[in-house]
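Engineer: Dropping the sequence and predicted coords here.
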Amino acid sequence: MTSFTLRTKNSLIATYLCLFCAFLPGAVQAQADTGDKPIGHIELSDPANLTKQQAEKIYQTVLPDIRAIFAQSDIGAAAKYTSWQRYNKAPYISATHGARYVNNYANMIAHDYGSLKKGETYPEGSILAKGSFSVTSDRHVYPGALFLMEKMNSGFNGKSGDWRYTMVLPDGSIFGMTKGENAENVEFCIACHAAKKSLDHIFFVPDDYRVDAK
Ligand code: HEC
């Protein structure tokens, strides 16, 4: 296990323990990018150890701002993902996505998110979206990057299981897109998600944060 330190725009110094450091540090450095302006401020003494309830309350408070930020994106999914079905009960910290709090959504076509059986694949047009935000030690809340996976036509890209990975920064710009803008920046997404080939490259939400999909 390797540990590494990075400084974000907000001068928060964070040290992460990393289980998958083959893809670091460049990509994660960028992943940790946050918006310039805080979208909330919290009255909690220990922002580093939020309970599920506290994290959820913060998320609901800043959600309108997150929605407004990504509504300006040229990417359709970024503009509307928060209206899709959400699959986690409360935000959780995802070490593999910049150590931010994340939330997972899937569009209607991907309604099997979480219930897919081994060997099955998601239909073309499925989109999975993982939004993120961070809570800093000075108790500000910042919007974080949006992580998207969209199932493309068969033959789009064998290596990625025909998923197109996109990372959208909170200023609306595209950090990378498979077979699109700065495709090399999202190669590391493909590499890590390929560990779940038997489940069509999908990990799903950690057990204790799952909600039953309807
Ligand atoms: C080192 C491994 C790793 C890397 C790199 C990685 N992911 Fe993930 N990804 C995961 C894991 C583990 C989960 C599920 C647990 C979680 O949310 O942390 C996940 C979940 C997701 C999900 C929800 C679908 C699912 O698999 O449950 C999306 C969307 C996603 N990642 C997009 C991306 C994008 C886009 C990138 C690159 C910018 C990326 N990921 C990089 C490991 C990784």
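Structural biologist: Looks like it arrived, so ask away. Residues are numbered from 1 along each chain as shown.

Engineer: so how many other residues sit close to residue 181?
Structural biologist: 13 (other C-beta atoms under 10 Å). Heads up, the C-betas are built off the backbone N, CA and C, glycines and all.

Engineer: Could you measure from it over to residue 203?
Structural biologist: Going from residue 181 to residue 203 by C-beta to C-beta, to the nearest Å gives 25 Å.

Engineer: can you tell me which residues contact residue 59?
Structural biologist: Going by C-beta atoms under 8 Å, 6 or more residues apart in numbering, residue 59 touches 90, 91, 101, 103, 133.

Engineer: And for the last one, the neighbour number?
Structural biologist: Okay, so that is residue 133. Neighbour tally, residue 133, other C-beta under 10 Å: 26.

Engineer: for the first one, same thing?
Structural biologist: Residue 90 is surrounded by 19 other residues when neighbours are defined as other C-beta under 10 Å.

Engineer: gap between it and the ligand?
Structural biologist: As for residue 90, its distance to the ligand is 13 Å (criterion: C-beta to the nearest ligand atom, to the nearest Å).

Engineer: what does the third one give?
Structural biologist: For residue 101, the distance to the ligand under the criterion C-beta to the nearest ligand atom works out to 10 Å.

Engineer: which element is that residue on?
Structural biologist: If you go by DSSP states H and E, residue 101 is part of strand 100-106.

Engineer: How confident was the prediction at residue 79?
Structural biologist: On the pLDDT scale, residue 79 is placed at 94.

Engineer: begin at 216 from here
Structural biologist: Sounds good: first residue 216 from here, last item residue 294.

Engineer: how about it, phi and psi?
Structural biologist: phi -70, psi -20 (degrees, to the nearest 10).

Engineer: did I read that right, residue 382 in a helix?
Structural biologist: No - per DSSP: H, G, I helix; E, B strand; the rest coil, residue 382 lies outside any helix segment and is strand.

Engineer: Just to check, it is in contact with residue 404?
Structural biologist: Yes - between residue 382 and residue 404 there is a contact under C-beta atoms under 8 Å: 7.4 Å.

Engineer: what ranges do the helices span in the chain?
Structural biologist: With DSSP state H as the criterion, the chain has helices at 241-246, 267-286, 291-295, 402-408.

Engineer: Who does the longest strand that the chain contains pair with, and is each partner parallel or antiparallel?
Structural biologist: Looking across the chain with DSSP state E, the single longest strand is strand 342-350. Neighbouring strands of strand 342-350 in its sheet, by DSSP bridges, are strand 315-321 (antiparallel), strand 355-358 (antiparallel), strand 361-366 (antiparallel).

Engineer: That one versus helix 267-286: what angle between them?
Structural biologist: Counting by axes from the mean of the first three to the mean of the last three C-alpha atoms, to 10 degrees, strand 342-350 lies at 110 degrees to helix 267-286.

Engineer: hmm, strand 342-350 touching the ligand?
Structural biologist: Yes - contact of strand 342-350 with the ligand (C-beta under 6 Å from any ligand atom) involves 343, 345.

Engineer: Could you check stretch 339-353 and say which residues are buried?
Structural biologist: 341, 342, 343, 344, 345, 346, 347, 348, 349, 350, 351 (16 or more other C-beta atoms under 10 Å).
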